[in-house]
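> have a look; sequence and predicted model below, questions after that.
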Amino acid sequence: MKAFLALPVALLLNACMTYPPPSTAPYRAIGTEPFWSLVIDDRDVTFIPAGGEPIRQPRPPAIVGIAGEIYQTPRIHVNIVHASCSDGMSDKIYSDKVQVDVDGKRFNGCGGDPVAPATLAGTNWRVESVNGRPTPQQGDYFVQFDADRVSAKFGCNSMSGGYSVGGDTLNVGAMAMTRKFCPEPAMSFENQGAKILGQPVTMKPNGDRLTLSNSAGTIELRQTF
């Protein structure tokens, strides 16, 4: 009797939870073997196969379940599960697993925003800019993470210290630094970079890019390995 009653209740809950989510930036998903991409914007659900013509369907209201969202159109069925996902071709980790059925053919991939790596240990990043100002192409401008220490250089002195990661927040401990004087622009980059790393920063990944930001400013990084 309990099993018999569970089905109508579940259907009722799904019906109650069906509504269009608020307008946001387009949702994107990708897959490999074969390569494909998916875009869900305010108007359409568009599936783009490798080397093929896009398949576009009007975006329906999302069915919001326990694991994620479902979009059902006559030709495209999208099931988004909020669980970490690797694209299988790189070290990128995304926030969602995505299953797409197109005209009865299934595709599996990842979607949502790239998330910060589970560990920064063993990664090296080129400093692309500090507070919106591009760093010179020549010189040492980097942030490098070992198992429990971070090293950095903004064109002048070397600095290093311990660090910890909690969610999307990076905390760098007191940093030891050499004390030589360097000409501009290295000194100004160093002063600003050290000030930013001197307090907790929020990490925002985007592919091979990583933004570190707090009230002191922003450091833009590009991963080199």
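Ah, there it is. Residues are numbered from 1 along each chain as shown.
> what's near enough to touch Met177?
Counting by C-beta atoms under 8 Å, 6 or more residues apart in numbering, Met177 touches 157-159, 194. All C-beta spots, glycine's among them, are computed from the backbone N, C-alpha and C.
> restricted to helices, list those.
Ala194 (DSSP state H).
> farthest pair in the contacts of Met177?
When C-beta to C-beta is used, the two most widely separated members of those are Ser158 and Ala194, lying 11.3 Å apart.
> these two: which is more packed in?
Relative neighbour count places Ala194 above the other of Ser158 and Ala194, with 17 against 14, counting by other C-beta atoms under 10 Å.
> now the more buried one: closest residue in space that isn't a chain neighbour?
For Ala194, the nearest residue in space outside its immediate sequence neighbours is Met159; the separation is 6.5 Å by C-beta to C-beta, 6 or more residues apart in numbering.
> could you do Leu197 as well?
Val172 (4.9 Å).
> likewise Ser84?
Once flanking residues are discounted, Ser84 sits nearest to Ile93: 5.5 Å by C-beta to C-beta, 6+ apart.
> how many neighbours does the one you found have?
Count around Ile93 with other C-beta under 10 Å applied: 16.
> how near is it to Ala83?
For Ile93, the distance to Ala83 equals 11 Å [C-beta to C-beta, to the nearest Å].
> any idea which residue sits dead centre in this structure?
To find the centre residue of the chain, average its C-alpha atoms and take the closest one (C-alpha atoms, centre = their mean): that gives Pro114, at 2.1 Å.
> name the residues linked to it by a beta bridge.
Each beta-bridge partner of Pro114 is listed here, defined by DSSP bridges: Tyr94.
> quick one, what contacts it?
Pro114 sits next to 92-95, 205-207 when contact means C-beta under 8 Å, 6+ apart.
> going by neighbour count, which of those comes out on top?
The member of the contacts of Pro114 surrounded by the most neighbours (other C-beta under 10 Å) is Tyr94, with 22 neighbours in all.
> and His77, bridged to which residues?
Note on His77: beta-bridge partners by DSSP bridges are Gln72, Asp101.
> give the contact list for it.
Contacts for His77 (C-beta under 8 Å, 6+ apart) come out as 70-71, 100-102.
> of those residues, closest to Phe35?
Closest to Phe35 out of the contacts of His77 is Val100 (12.8 Å), distances taken as C-beta to C-beta.
> tell me the pLDDT at that closest one?
The predicted local confidence for Val100 comes out at a pLDDT of 97.
> now do Cys182
The per-residue pLDDT reported for Cys182 equals 85.
> ok, it touching Asn191?
No: applying C-beta atoms under 8 Å as the test, Cys182 and Asn191 come out as separate, 10.8 Å apart.
> give me the element the nearest residue to Cys156 once chain neighbours are set aside is part of.
Spatial nearest neighbour of Cys156, excluding adjacent residues (C-beta to C-beta, 6+ apart): Cys182 at 3.6 Å. Counting by DSSP states H and E, there is no helix or strand that carries Cys182.
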